[in-house]
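# With the sequence up front, the predicted model follows.
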Amino acid sequence: MNLHNSISIVKRCISDYHQQDVVDAASGNPYPPGSIENLLYEKSWTDNIQWHLEDIIRDPAINPAKALELKRKIDKYNQQRTELVELMDDWFMDQYKEIKPQPGATWNTETPAWAFDRLSILELKIWHMEAEAERPDAPGEHREKAKQKWKVLKKQEEDLSSAIQQLMDDLAAGRKVMKVYRQMKMYNDESLNPVLYQQKNKS
């Protein structure tokens, strides 16, 4: 997986989303189903939806019923995001399955896919911060502060990209061992969330 291409995919997804700028819009994923590019684009699309849902739900005048509806959507997309990251990690596991670990090889607290998850969110921050730095109806002080924050985010992009590349290089060379730690989220599972299964038993 080429890191430069991966960043380009995420940026393309952010641009594509803002062509519509409609929460819940279908992604129209341009990459072949089952490919890592398809998974990365789909995950980034989910991040875009979540980002904007989080904006909407913070409206201080929001109707409580509407807020609850949005909270359910946020939960749904958060679960979808986790599932997509785990599918990406399955792809990475397959990529590195033939690599023989070197003596003393270690493993990361974060898998490649969860690192790409962080990168996807970071690219969203960069896109939106740049928009604030260029917002024509904002005061000059606001735009300048946004510009300075954008510069910090770009440095974070550089550092995170370097760290991800280092991780993939280490995995390919056997200096790191690929391990996957499943999230095992319980609150959406009717058999594991006591509120859900107790309610189900009553019905």
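Here it is on my side, so go on.
# C-alpha only now, for contacts and for neighbours.
Fine.
# Spit out the contact partners of the residue positioned nearest the centre of the chain.
With distances taken as C-alpha atoms, centre = their mean, Asp117 lies nearest the centre of the chain, 3.6 Å away. Shown in contact with Asp117 (C-alpha atoms under 8 Å, 6 or more residues apart in numbering): 43, 85.
# where along the protein do the helices fall?
Using DSSP state H, the helices found in the chain span residues 3-20, 36-57, 64-95, 112-133, 140-173, 194-202.
# mind putting those in TSV, distance to Gln102 and mean pLDDT included?
Formatted as TSV, these follow (distance: least, C-alpha to C-alpha, whole Å; pLDDT from 0 to 100):
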stretch	distance to Gln102	mean pLDDT
helix 3-20	24	94
helix 36-57	26	96
helix 64-95	17	95
helix 112-133	19	97
helix 140-173	8	97
helix 194-202	44	73
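# Could you export the ones you listed as a markdown table, including distance to Gly28?
As requested, these are exported to a markdown table (distance: least, C-alpha to C-alpha, whole Å):
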| stretch | distance to Gly28 |
| --- | --- |
| helix 3-20 | 9 |
| helix 36-57 | 9 |
| helix 64-95 | 16 |
| helix 112-133 | 18 |
| helix 140-173 | 26 |
| helix 194-202 | 34 |
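# of all those helices, which lies closest to Thr106?
Ranking the helices of the chain by their distance to Thr106 (criterion: C-alpha to C-alpha) puts helix 140-173 first, at 9.6 Å.
# Measure how the closest one sits relative to helix 3-20, angle-wise.
140 degrees (axes from the mean of the first three to the mean of the last three C-alpha atoms, to 10 degrees).
# Just the buried residues of helix 140-173, please?
143, 146-147, 149-150, 153-154, 156-157, 160-161, 164-165, 167-168, 170-173 (16 or more other C-alpha atoms under 10 Å).
# now stretch 114-124
Per 16+ other C-alpha under 10 Å, stretch 114-124 contains these buried residues: 114-117, 119-124.
# now stretch 22-30
Here stretch 22-30 shows Asn29 as buried, counting by 16+ other C-alpha under 10 Å.
# What mean pLDDT does that stretch get?
Stretch 22-30 carries an average pLDDT of 91.
# any idea how far the residue nearest to the centre of the chain lies from Val22?
22 Å (C-alpha to C-alpha, to the nearest Å).
# and what of Pro103?
Distance from Pro103 to Val22, by C-alpha to C-alpha: 51 Å.
# Thank you, goodbye.
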